[in-house]
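*Asks:* this one's sequence-less:
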């Protein structure tokens, strides 16, 4: 269409008279082909903020001399942490285009943030560069974490999810430690000072083996205290090594650069600071096997030594002496065999646990001590748990010298600790 | 072995490290029966201590709170789940 009209004009055939729609589209295309207008941030105060039932967000950005209509589609609005309030200074990102039916150019926004975040980010970069130049992030400064922490300091809010996450991980993974909480607010104006003092107090009064500086996820403003210069310096000055675990995986903050170890989340911070008891248990089993093996090898050596001695004595000694020595050797051998049998039995019991021992001894011996075996009439299975039987169900009880039938009248579960892991 | 502490007074690290050293000594051989037995018994006690710690340990929670003299003290605390 446009090209056609230009053609007429070029030949002077017709004066240029636009239709409204053509003109509007032309303006729209002009705006839309200017790349500077298609990806921009604009700053102003939000007014006439409205969100009708369509879910789209409409508002006007104003400064002292001009105003700009803005719209944000429902799908984008869903990603906003908070809707702008009337009069709030904000920065909106989007593209400029034209609403043809209304004859209005406007901003089609896809992101909105409180004004000043951009400035904050620049401040962040400046501080990071300065501290880096000072050497606060140097790899040589990073201290190794203790392999076996006994006391773990935690700097965080006493009511936050981060503390619960940390405690859950420690309970499951390595409950052999003592946790010392230094409570502090972790967001807001009080947070930077609180964190600095919590780190100092921990170092002065508790000297933990390692300190976890943690906070759950949040907006960039929520996490801002961990970008504070004072906090960075307090981490660097800490006697105990510091593990940072702030926000989510993707949040990188200055505290992460200064910390001796950066963990992506509070839970991960607790994990990197402790050994895993499952792994320790495996190591322990291996060590126990090595102990038994070494002991048996020793006994075998000793036995061989005695036998050699017997042979030597028989070859070289008078009869009486031989007999005498033979007796001592026999005693020695006997003690060794007994020791092996005894120690192996002990070990078996220790490793395999009580049930194994009971099985080895046999049910008769156990029943003689007053235990009985209960089976369900229905299918003959042995009842090991209260959950296996129902009221009025018929059961059979076997004791040392016979058995008798019985009926379940009631059942009650007894809480057993340490079964939740 | 007379200066050895009772296993129940050892923490995990101490018990495990002593166990490790003891196994190494047993593995080196050349021990008299009495010594070998003593090491083995001690080793079993240590490994039992380690098992006990791993299975029965319960996380201890302390909190630093200001005291009257302007310093801080550790006190027990509990987290509401």
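*Replies:* Nice, I can see it. Predicted model, so just to flag it, every value in this text is computed and none were measured.
*Asks:* could you pull out the helices in the chain for me?
*Replies:* I went with chain A, as the question did not name one. Remark: helices assigned in chain A by DSSP state H are A:2-10, A:20-32, A:74-77, A:117-134, A:161-173, A:191-201, A:229-237, A:254-258, A:266-272, A:277-316, A:319-361, A:363-368.
*Asks:* to clarify, I was referring to chain B.
*Replies:* Ranges of helices in chain B, per DSSP H, are B:12-28, B:33-56.
*Asks:* TSV please, covering the ones you listed and showing mean pLDDT, mean neighbour count and distance to chain A.
*Replies:* Heads up, the C-betas are built off the backbone N, CA and C, glycines and all. Compiled in TSV, the helices of chain B are given as follows (pLDDT from 0 to 100; neighbours: other C-beta atoms under 10 Å in any protein chain shown; distance: least, C-beta to the nearest C-beta, whole Å):
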stretch	mean pLDDT	mean neighbour count	distance to chain A
helix B:12-28	91	18	4
helix B:33-56	89	19	4
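*Asks:* now those in CSV, with distance to residue A:18?
*Replies:* Listed next are the helices of chain B as CSV, based on distance: least, C-beta to C-beta, whole Å:
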stretch, distance to residue A:18
helix B:12-28, 86
helix B:33-56, 84
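*Asks:* low-confidence ranges, chain A, go.
*Replies:* A:1-15, A:310, A:313-326, A:329, A:340, A:342-369, A:415-421 (pLDDT under 70).
*Asks:* give me the residue from it nearest chain B.
*Replies:* Closest residue of chain A to chain B, C-beta to the nearest C-beta: residue A:294 (3.6 Å).
*Asks:* one step back: can I get the helices of chain A in a markdown table with mean neighbour count and distance to residue B:37?
*Replies:* Listed next are these as a markdown table, based on neighbours: other C-beta atoms under 10 Å in any protein chain shown; distance: least, C-beta to C-beta, whole Å:
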| stretch | mean neighbour count | distance to residue B:37 |
| --- | --- | --- |
| helix A:2-10 | 11 | 103 |
| helix A:20-32 | 14 | 90 |
| helix A:74-77 | 14 | 77 |
| helix A:117-134 | 13 | 60 |
| helix A:161-173 | 20 | 36 |
| helix A:191-201 | 21 | 51 |
| helix A:229-237 | 19 | 52 |
| helix A:254-258 | 22 | 54 |
| helix A:266-272 | 23 | 41 |
| helix A:277-316 | 16 | 8 |
| helix A:319-361 | 13 | 6 |
| helix A:363-368 | 13 | 28 |
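*Asks:* closest to residue B:70 out of those?
*Replies:* Comparing those by their distance to residue B:70 (C-beta to C-beta), the top pick is helix A:191-201, with 11.5 Å.
*Asks:* help me confirm that the residue of chain A closest to chain B comes into contact with residue B:26.
*Replies:* Yes: look at residue A:294 against residue B:26 with C-beta atoms under 8 Å: they come within range, at 3.6 Å.
*Asks:* run through who's touching stretch A:293-308.
*Replies:* A:329, A:332-333, A:336, A:339-340, A:343, B:23, B:26-27, B:29, B:31-33, B:36, B:39-40, B:43 (C-beta atoms under 8 Å, 6 or more residues apart in numbering or on different chains).
*Asks:* ok now do the spatially most central residue of chain B, which residues does it touch?
*Replies:* Most central in chain B under C-alpha atoms, centre = their mean is residue B:11, positioned 2.1 Å from the mean C-alpha point. For residue B:11, the contact set (C-beta under 8 Å, 6+ apart) comprises A:150, A:176, B:53.
*Asks:* ok, of those, which one's closest to residue A:283?
*Replies:* Looking across the contacts of residue B:11 and measuring by C-beta to C-beta, the closest to residue A:283 is residue B:53, at 13.1 Å.
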